[in-house]
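S.K.: heads up, no residue letters with this:
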């Protein structure tokens, strides 16, 4: 296995390049829809993913790459070193509000989180870390999180879930300090890492989760599927992410409705 | 009537003082609940409101002041010069996430908007303006907004409304580019002013609306009650705020459900 310092240096190097590109030129030339009218991809998502994938392929020729726009190599299992790449997470925000989007790379070894990095382009902040090295923002160590109860924390429930299973999530939101919806998994993860929110429920693709979970595990953030099974990093699923107490209380509320 | 330049200079002066205070010391010593568990007030809301009210009373001794924490003078009508003051809008965010809160002052003359200012403390940005002078952010003029249709814009619907009248607002959200919930009216108004979102529906107190509407009117943002009546700036009511096309299409969707 490649050592974690080499992985960290390379992931931060390519994300630094992405940051310079997106901050120098935050524009896009074309935008297309994918699975539905609000699932967007721009030429910049594609260009940036291609650059990240090419860089990782050069530096880690034996690794697998699972990526949002499909330029990775579509592995069927998670053996060995696997990079999860989301070039622009929150593409709708990138297009409409020009803020609150992120670039993310998560690195797993035989299915276990090793390292993650989330670049908040507009705020010029890079969050990174892993279970064995701790969590950092712009080179500052992030302390282990507190473990507050549900009624003391802000939470995010994805709009999709909120609308499809309203009674359940309505009750959950009512037991919390309030609901926030930002439109980017990466940005929500940065808020979890800093203790601004403590719970996040949504339907996630592997590249939505990989980086944030790898960093978050170092400071008390965990995740399971909504029916409390281990997450499968090959497929899309309903996941609850958060600190221990808020997560347990949320699962209690949801299971009772 | 006091001239608008004097009003602008004084409002910006006192908000600059508030900014320095909140950026130097972003902490609070005590927090209490008001109407419900998630309606908070800290010692900083009270301290800052008292300072703003004292400053305005000294500079504009004949004006009325309507303020969130009640240290204004509770006028029964809007004749003459009226200041609407919200010392910390988004107190829950101030307490839990230490970002996305605002200080707002709106100035009306005989019930008509004259001037408004919204201070985004953490981003260090001040938005201000009025119908006769235009809209500005940190002294840069904000252009007149485009008038995009509902399906091309991000919208905010307050969580309260979303939960109490789900079918109606579910349909509205589905016709838009997506829902965002940030937890501060002031911050949502700054996003409307920059064309990051184009529609905002919620139950508002006068101090939630006063500043944003005064600035917004200069660049194409208007508001009515949800049943298309003029807003009464003395009471709390359901309001739709936005640009013309998105607002009209939203009202069509809501009225049909």
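M.R.: Yep, that arrived. If you're wondering where the values come from, they're calculated on a predicted model, not measured in any experiment.

S.K.: stretch A:162-180 near chain B anywhere?
M.R.: Yes. Stretch A:162-180 is in contact with chain B by Cβ under 8 Å from any Cβ of the partner chain, via A:162-163, A:166, A:170, A:173-174, A:177-180. Glycine gets a C-beta too; all of them are placed from N, C-alpha and C.

S.K.: where neighbours are concerned, which of these has the most?
M.R.: Of all the residues of stretch A:162-180 next to chain B, the highest neighbour tally under other Cβ atoms under 10 Å in any protein chain shown goes to residue A:162, namely 27 neighbours.

S.K.: what residues are up against it?
M.R.: With contact taken as Cβ atoms under 8 Å, 6 or more residues apart in numbering or on different chains, residue A:162 is in contact with A:169, A:173, A:179, A:181, B:162.

S.K.: redo that, cut-off 7 Å
M.R.: Applying Cβ atoms under 7 Å, 6 or more residues apart in numbering or on different chains to residue A:162 gives the contacts residue A:169.

S.K.: on that earlier part again, want to throw the residues of stretch A:162-180 next to chain B into a markdown table with distance to residue A:91, secondary structure and pLDDT?
M.R.: Converted to a markdown table, these look like this (distance: Cβ to Cβ, whole Å; DSSP: H, G, I helix; E, B strand; the rest coil; pLDDT from 0 to 100):
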| residue | distance to residue A:91 | secondary structure | pLDDT |
| --- | --- | --- | --- |
| A:162 | 20 | helix | 86 |
| A:163 | 20 | helix | 83 |
| A:166 | 26 | helix | 79 |
| A:170 | 28 | helix | 89 |
| A:173 | 26 | helix | 95 |
| A:174 | 31 | helix | 93 |
| A:177 | 29 | coil | 97 |
| A:178 | 26 | strand | 96 |
| A:179 | 22 | strand | 96 |
| A:180 | 19 | coil | 98 |
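
S.K.: just the buried positions in stretch A:209-226, please.
M.R.: In terms of neighbour count (16 or more other Cβ atoms under 10 Å in any protein chain shown), stretch A:209-226 has its buried residues at A:209-221, A:223, A:226.

S.K.: how long is that stretch from one end to the other?
M.R.: Across stretch A:209-226, the terminal residues are separated by 14 Å (Cα to Cα, to the nearest Å).

S.K.: ok, residues contacting it?
M.R.: If you take Cβ under 7 Å, 6+ apart as the criterion, stretch A:209-226 is touched by A:84, A:104-108, A:113-118, A:127-131, A:133-135, A:142, A:144-145, A:147, A:189, A:192-193, A:230-231, A:233, A:237-244, A:247.

S.K.: stretch A:32-49 now?
M.R.: So stretch A:32-49 is contacted by A:18, A:28-31, A:67-69, A:71, A:85, A:87-88, A:91-92, A:94-95, A:103, B:177-178 (Cβ under 7 Å, 6+ apart).

S.K.: mind listing which of the residues you listed are in helices?
M.R.: A:18, A:91-92, A:94-95 (DSSP state H).

S.K.: per-residue pLDDT of residue A:228, please?
M.R.: On pLDDT, residue A:228 comes in at 95.

S.K.: tell me how far the helix or strand of chain A with the lowest mean pLDDT lies from the chain's centre.
M.R.: When the helices and strands of chain A are scored by mean pLDDT, DSSP states H and E, helix A:159-164 comes last with a mean of 86. Here helix A:159-164 shows a centroid-to-chain-centroid distance of 19 Å under the convention Cα atoms, centre = their mean, to the nearest Å.

S.K.: what's the answer for stretch A:86-98, then?
M.R.: Worked out by Cα atoms, centre = their mean, stretch A:86-98 lies 13 Å from the chain centre.

S.K.: so what would you say the end-to-end distance of that stretch is?
M.R.: 17 Å.

S.K.: sorry, back to before: narrow the contacts of stretch A:209-226 to those in strands?
M.R.: Here DSSP state E is the test, and the contacts of stretch A:209-226 give A:84, A:104-108, A:113-118, A:127-130, A:134-135, A:142, A:237-242 as lying in strands.

S.K.: for residue A:36, give me the pLDDT.
M.R.: Residue A:36 is assigned a predicted lDDT (pLDDT) of 90.

S.K.: same question but for residue A:1, I mixed them up
M.R.: So residue A:1 comes in at 59 (pLDDT).

S.K.: repeat that for residue A:165.
M.R.: With respect to pLDDT, residue A:165 has a value of 84.

S.K.: how many residues are close by it?
M.R.: By other Cβ under 10 Å, neighbour count at residue A:165 equals 16.

S.K.: contacting residues around it?
M.R.: For residue A:165, the contact set (Cβ under 7 Å, 6+ apart) is empty.

S.K.: quick check on it: phi, psi?
M.R.: phi -130, psi 60 (degrees, to the nearest 10).

S.K.: hey, what's residue A:31 bridged with?
M.R.: Bridge pairing for residue A:31 (DSSP bridges) gives the partners residue A:42.

S.K.: correct me, but it touches residue A:95?
M.R.: Yes. Counting by Cβ atoms under 7 Å, residue A:95 is a contact partner of residue A:31 at 5.8 Å.

S.K.: more neighbours: which of the two?
M.R.: The neighbour count for residue A:31 versus residue A:95, taken as other Cβ under 10 Å, is higher for residue A:95 (19 against 15).

S.K.: for that one, what are its contacts?
M.R.: Counting by Cβ under 7 Å, 6+ apart, residue A:95 touches A:28, A:31, A:40, A:42.

S.K.: from these, which is closest to chain B?
M.R.: Each of the contacts of residue A:95 was checked against chain B using Cβ to the nearest Cβ; the closest is residue A:40, at 8.9 Å.

S.K.: ok, and the closest non-adjacent residue to residue A:114?
M.R.: Spatial nearest neighbour of residue A:114, excluding adjacent residues (Cβ to Cβ, 6 or more residues apart in numbering or on different chains): residue A:107 at 4.8 Å.

S.K.: please list only the buried members of the contacts of stretch A:209-226.
M.R.: Using 16+ other Cβ under 10 Å, the buried ones in the contacts of stretch A:209-226 are A:84, A:104-108, A:113-118, A:127-131, A:133, A:135, A:142, A:145, A:189, A:192-193, A:231, A:233, A:237, A:239-243, A:247.
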